[in-house]
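[1] with the sequence up front, the predicted model follows.
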Amino acid sequence: MLDIQLLRSDAGHVARLLATRGYVFPEAEFSALEVERKRLQTSTQEMQARRNAASKQIGNAKARGENVSPLLQEVASLGDELKEAEARLDRVQDALQHLLLQIPNLPHSGVPVGSGEVDNREVRRWGTPRSFDFEVKDHVSIGEGLGLLDLQAAAKLSGSRFSLMKGGLARLHRALAQFMLDIHTREHGYEEAYVPYLANAESLRGTGQLPKFKEDLFEVPRKRNEPETSLSGNSEPGSDNDNLYLIPTGEVPLTNIVQDEIVGLESLPIRLTAHTPCFRSEAGSYGRDTRGIIRQHQFEKVELVHIVHPSNSYDALEELTGHAEKILQKLGLPYRVMLLCTTDMGFAAAKTYDIEVWLPAQGAYREISSCSNCEAFQARRMRARFRNEKGKPELLHTLNGSGLAVGRTLVAILENFQNADGGVSIPEVLQPYMGGLRQLKA
RNA sequence: GGAGAGAUGGCCGAGUGGUCGAAGGCGCUCCCCUGCUAAGGGAGUAUAGGCUCAAAAGGCUUAUCGAGGGUUCGAAUCCCUCUCUCUCCGCCA
C-alpha cells in the first residue's frame, strides 16, 4: 500500500511513476473520493464533538443534581443525523481503502523503465554452461527414463500440473531442501521457521496477494455449522470472509510474523527461512510450461525473508540475493542475475532481482529465484513497525526471495548433470544428504 | 465434541454507566541529589487519523480497552454475535 499522504500531496508524480509499471492511477476518482472524504470527515467529527460536549454537560449536571431534561432535548435530534453521517463516511473510507489496496508499489529509482521481459537488465553471470557430446534430454525424459518421475500418475491423482516422484528422485528433492536450509541457517545467519501452510485473508492482504490476485490462490472453505442463514448481514462488501488460503509462497507466513507488531530496534534485522510447499492455481497461464514440472500447482520452496530498518533495505537486498546465488554456486549450476524492469516486477516490489538458472534442454536461463525489496509497501498493509531511535513507531522494510525454488533446482540438476547413459550425477554437496550416492541410474 | 475462565497501553495489572485514553506498578527518557557503586527525589512516556499552519512548533478535534453489531444524551463497563487464549474431560497424529 502506498502512503496516502504522498498521494494527497503529489498525486501527479505518483501517477507518472505508476505509469512506468503500466498501471493507470485513477487520479480523478481518487481526488473525488478525497474531496468527499474530507467534507464528510470534517462534518462528522464536528457532530461527534458536539455530542461529546453535550454528554459531558449532562453528566456534570446530573452530578450536581440538576434537571437535565432541557439538555437532553438539545441533543435528541443529533443521534440519527450522526449515525447517518458516520455510515456515509465509512462508505467513502472503504472505497478509498479499496482503491489504495489495488495500487502496486512504486519502482525504486534504480529500476530500468521497460515494457516487458526484454527490458530486464543482466547484472552478472556465473558459471559456464556445459557442452554436451550427446543429445541433451529435458528433465521429463530424464526422470521418466529413470522410472522415477510419473506425471501420468500425478494427473490421475490430482490433475495436470502436479507431479509424482519416487525413489532417488524424491530423495534428491528432499535433499535439496535440507541442503538449502542448512546453508542458510549455518552460513548466512537465518533462523529456521516452521509455519502454517494455510493463511487467513488478513495475512494475504498484508503481503499483497489479496484482494487483487485472489484467482491465483487456492481458497479453502471453512465448515460452518450455521443453518441456511446465508443472508446474514456480515457479508458486506468491505469485510472479508474467514476462509483460509493455501499459501502461494512462504513469504506470506514469514513476513506476516510482524503483522501488527512494533518490534524493538535491537531485534533488527530479522532474517527468517522456511521450507514450505507453495500452492498456485496458475490462473491465466494455461499455455505456459505445460510440459514437465516447471510450473506446478504445488511445489516446494525454501524462502528467505528479511525484516529490516528502512536505511538498510537495499544493502539487505544485495545480501539476500547473494545468499540465494550461493546455493547455485555450491551446486555448480550456471546462472545469471537479472534486474527486472518496471513492468516485470511483482505487485509489492520496489526492486527485484531474478536469478535464472541455465537449462540445457531449453537452451535458456529460467527463473529459479526472485528477490525483492518491498520497502514499506507490505509493512504499511500489515502495520509492521519498529521503534526508531527517537522511540517513535516507524514502518519496517520487508524483503523476500527464494533460496531456492526446490522443484526448479531439481530440474536444473537433472538437465545439467545428465549423462550419456541416461543417468544423472549428484552434485558433491548433496551426496551426504543422499547416503553417499553419487549417481541416479536407471 | 462437552464444561468453565479470560482478552485493557511496550509489559504487568486496576477499573460494572458520566469528570476514564484509562489508577498503580515495571520498563524507558530527561532532570535533581548522592565525591564511585547502590539507593533516593521530580517530570515525562499509547496508536492512527482529521482540521489549522508556507513548513516546523503549536493549537483544535475524532477514533481506538480482542473484532463486529446493539441499548443510551453518554459504554472499557450493559446486551447480542464472532474470534482467540487458558484450565478440565473426551477423542486423536
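    Right, received. Where do you want to start? Residues are numbered from 1 along each chain as shown, chains lettered A, B, ... in the order given.
[2] neighbouring strands of the host helix or strand of A:Asn400 in the sheet, and parallel or not?
    In the assignment (DSSP states H and E), A:Asn400 maps to strand A:397-405. Applying DSSP bridges to the sheet, strand A:397-405 is found paired with strand A:298-308 (antiparallel), strand A:364-373 (antiparallel).
[3] so for that strand, mean pLDDT?
    Confidence over strand A:397-405 (mean pLDDT, whole number) is 96.
[4] stretch A:313-331 now?
    Average pLDDT, stretch A:313-331: 98.
[5] now swap in stretch A:84-99 and tell me
    The model assigns stretch A:84-99 a mean pLDDT of 90.
[6] likewise for stretch A:422-438?
    Per-residue scores along stretch A:422-438 average to 97.
[7] so which residues make contact with it?
    The contact list for stretch A:422-438 (CB atoms under 8 Å, 6 or more residues apart in numbering) reads A:137, A:142, A:145-146, A:168, A:171-172, A:174-176, A:178-179, A:330-332, A:413-414, A:417-419, A:439-442. C-beta coordinates here come from the backbone N, C-alpha and C atoms, glycine included.
[8] just the buried residues of the residues you listed.
    A:137, A:142, A:145-146, A:168, A:171-172, A:174-176, A:179, A:330-331, A:413-414, A:417-418, A:440 (16 or more other CB atoms under 10 Å).
[9] sorry, back to before: work out the gap between the strand holding A:Asn400 and the centre of the chain.
    Centre-to-centre, strand A:397-405 and its host chain are 9 Å apart (CA atoms, centre = their mean, to the nearest Å).
[10] next one: stretch A:313-323
    How far stretch A:313-323 lies from its chain's middle: 17 Å, per CA atoms, centre = their mean.
[11] pull the number of nearby residues for the closest residue to A:Ser163 other than its chain neighbours.
    Sequence neighbours aside, A:Ile293 is the residue nearest to A:Ser163 in space, at 4.6 Å (criterion: CB to CB, 6 or more residues apart in numbering). By the criterion of other CB atoms under 10 Å, A:Ile293 has 24 neighbours.
[12] near RNA strand B, which residues of the stretch 51-200 of chain A?
    Proximity of the stretch 51-200 of chain A to RNA strand B, by CB under 7 Å from any atom of the strand, involves residues A:51-56, A:58-60, A:62-63, A:72, A:75-76, A:78-79.
[13] just the buried subset of these, written out for PyMOL, thanks.
    Entered in PyMOL, the line below selects the buried ones among those, by 16+ other CB under 10 Å:
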select buried, chain A and resi 58+75
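[14] nearest to A:Gln259 among the residues of the stretch 51-200 of chain A next to RNA strand B?
    A:Asn52 (32.4 Å; CB to CB).
[15] need the pLDDT of that closest one.
    90.
[16] for it, what is the enclosing helix or strand?
    helix A:27-63.
[17] the following helix or strand past that helix to helix A:27-63, inter-axis angle?
    Counting by DSSP H and E, the element after helix A:27-63 in chain order, helix or strand, is helix A:69-76. Angle, helix A:69-76 to helix A:27-63, by axes from the mean of the first three to the mean of the last three CA atoms, to 10 degrees: 170 degrees.
[18] helices and strands around helix A:69-76, which ones?
    Counting by 3 or more CB pairs under 8 Å, 6 or more residues apart in numbering; DSSP states H and E, the packing neighbours recorded for helix A:69-76 are helix A:27-63.
[19] what's the helix or strand for A:His275?
    Element membership of A:His275 [criterion: DSSP H and E] is strand A:270-279.
[20] mean confidence for that strand?
    96.
[21] also stretch A:168-179?
    If you average the pLDDT values across stretch A:168-179, you get 98.
[22] just how off-centre is that stretch within its chain?
    Here stretch A:168-179 is found 25 Å from its chain centre; the criterion is CA atoms, centre = their mean.
[23] how close does the residue of the stretch 251-400 of chain A at minimum distance from RNA strand B sit to A:Leu272?
    For the stretch 251-400 of chain A and RNA strand B, the shortest gap (CB to the nearest atom of the strand) falls at A:Pro393, measuring 4.3 Å. Distance, A:Pro393 to A:Leu272, using CB to CB, to the nearest Å: 21 Å.
[24] between those two, which has more neighbouring residues?
    A count of neighbours by other CB under 10 Å puts A:Leu272 above the other of A:Pro393 and A:Leu272, at 22 against 12.
[25] from the buried ones among the contacts of stretch A:422-438, which land in strands?
    Under the assignment DSSP state E, the buried ones among the contacts of stretch A:422-438 contribute A:Leu440 to strands.
[26] return the subset of the buried ones among the contacts of stretch A:422-438 lying in helices.
    A:142, A:145, A:168, A:171-172, A:174-176, A:179, A:330-331, A:413-414 (DSSP state H).
[27] closest one of these to RNA strand B?
    Nearest to RNA strand B among those: A:Arg174, at 19.6 Å, using CB to the nearest atom of the strand.
[28] picking that back up, centre of the chain to the helix holding A:Asn52, how far?
    Relative to the centre of its chain, helix A:27-63 is centred 37 Å away, using CA atoms, centre = their mean.
[29] now that helix: buried residues?
    Residues of helix A:27-63 classed as buried by neighbour count (16+ other CB under 10 Å): A:Phe30, A:Leu33, A:Glu34, A:Glu36, A:Leu40, A:Thr44, A:Met47, A:Ile58.
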